[in-house]
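Undergrad: Here's a sequence, model it:
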Amino acid sequence: MKLTIVFAGLLGVFLTPALAFTDISIGGNSNSGITGQQSVSVNSEHNVANVDNNNGWDSWNTLWDYNTNFAATRLFGKKKCVVHRMNRDVMPSLQTLDALVKEKKLQGNGPGGPPPKGLMYSINPEEVKDLSKLGKPIASLCRGIPTYMAEEIEGASLFFSSEKCFSADIIWILNISFCEETVEN
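TA: Coordinates of the predicted model:
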């Protein structure tokens, strides 16, 4: 009897996080327009979404923390982490993202409908010293590498040169650009 209770308890401990976690992978091929491979994971228990983009030197990882309203992107080739406030008017809710993942609407040609919305951010050159104020998930993602805050810029396409920007597009949901330097046209 005691063994059964212990086994059931351990099963619950290990199974609960697995049930709260939803994942989908998108592989790039010549017909899809996606290079590399992208996977989207939603953890409803912790209110976070994670996107991994595996594409050689251009690989990156993005974490959206719906508890703190911060998002962070770790740019592996640039060896830096960029943190910004989430724009809830443009970024999907965790429930919407979770539904898209569970319904597998991020595979193949995507969910259809209008093209993805775009966000552009200007990276502040001053390094963040205290990661703890950004929340544990983001502090863990960015620990050990230079981390910078970024501010959203509306209508930025007129003021930024794409040569100084890095793109982190989230499948068919959102196009995000991080820019380091302004260039007047």
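Undergrad: Which strands or helices does the helix or strand hosting Ile138 pack on?
TA: Take DSSP states H and E as the rule and Ile138 turns out to sit in helix 136-142. If contacts are counted by 3 or more Cβ pairs under 8 Å, 6 or more residues apart in numbering; DSSP states H and E, helix 136-142 sits against strand 60-65, strand 70-75, strand 80-85. Placement of C-beta: from N, CA and C, glycine included.
Undergrad: How about residues contacting the second one?
TA: For strand 70-75, contacts defined as Cβ atoms under 8 Å, 6 or more residues apart in numbering pick out 60-65, 80-86, 91, 134-135, 138, 141-142, 145, 147, 166, 168, 176, 178.
Undergrad: Could I have the buried ones of these as ChimeraX selection syntax?
TA: The following ChimeraX line selects those of the contacts of strand 70-75 that are buried, judged by 16 or more other Cβ atoms under 10 Å:
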select :60,61,62,63,64,65,80,81,82,83,84,86,91,134,135,138,141,142,147,166,168,176,178
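Undergrad: Quick check, Val83 in contact with Thr147.
TA: Yes: using Cβ atoms under 8 Å, Val83 is in contact with Thr147, at 6.2 Å.
Undergrad: For this protein, name the helix or strand with the lowest mean pLDDT.
TA: Lowest on mean pLDDT, DSSP states H and E among the helices and strands of the chain sits helix 2-19, with a mean of 39.
Undergrad: Show the low-confidence segments of the protein, by residue range.
TA: In the predicted model of the chain, residues 1-36, 104-115, 155-163, 171-172, 181-185 satisfy pLDDT under 70.
Undergrad: show me where it has strands.
TA: Using DSSP state E, the strands of the chain run over 21-27, 37-43, 48-54, 60-65, 70-75, 80-85, 117-127, 147-152, 165-167, 174-179.
Undergrad: Save those strands as a markdown table, and put in distance to Gln95 too.
TA: Listed next are the strands of the chain as a markdown table, based on distance: least, Cβ to Cβ, whole Å:
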| stretch | distance to Gln95 |
| --- | --- |
| strand 21-27 | 11 |
| strand 37-43 | 9 |
| strand 48-54 | 11 |
| strand 60-65 | 13 |
| strand 70-75 | 17 |
| strand 80-85 | 20 |
| strand 117-127 | 18 |
| strand 147-152 | 23 |
| strand 165-167 | 26 |
| strand 174-179 | 16 |
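Undergrad: Ok, which of these comes nearest Asp98?
TA: Closest approach to Asp98 among those (Cβ to Cβ): strand 37-43, 4.3 Å.
Undergrad: which helices and strands does the closest one pack with?
TA: Under the contact criterion of 3+ Cβ pairs under 8 Å, 6+ apart, strand 37-43 touches strand 21-27, strand 48-54, helix 94-102.
Undergrad: helices or strands up against the last one?
TA: In other words, helix 94-102. So helix 94-102, by 3+ Cβ pairs under 8 Å, 6+ apart, packs with strand 21-27, strand 37-43, strand 48-54.
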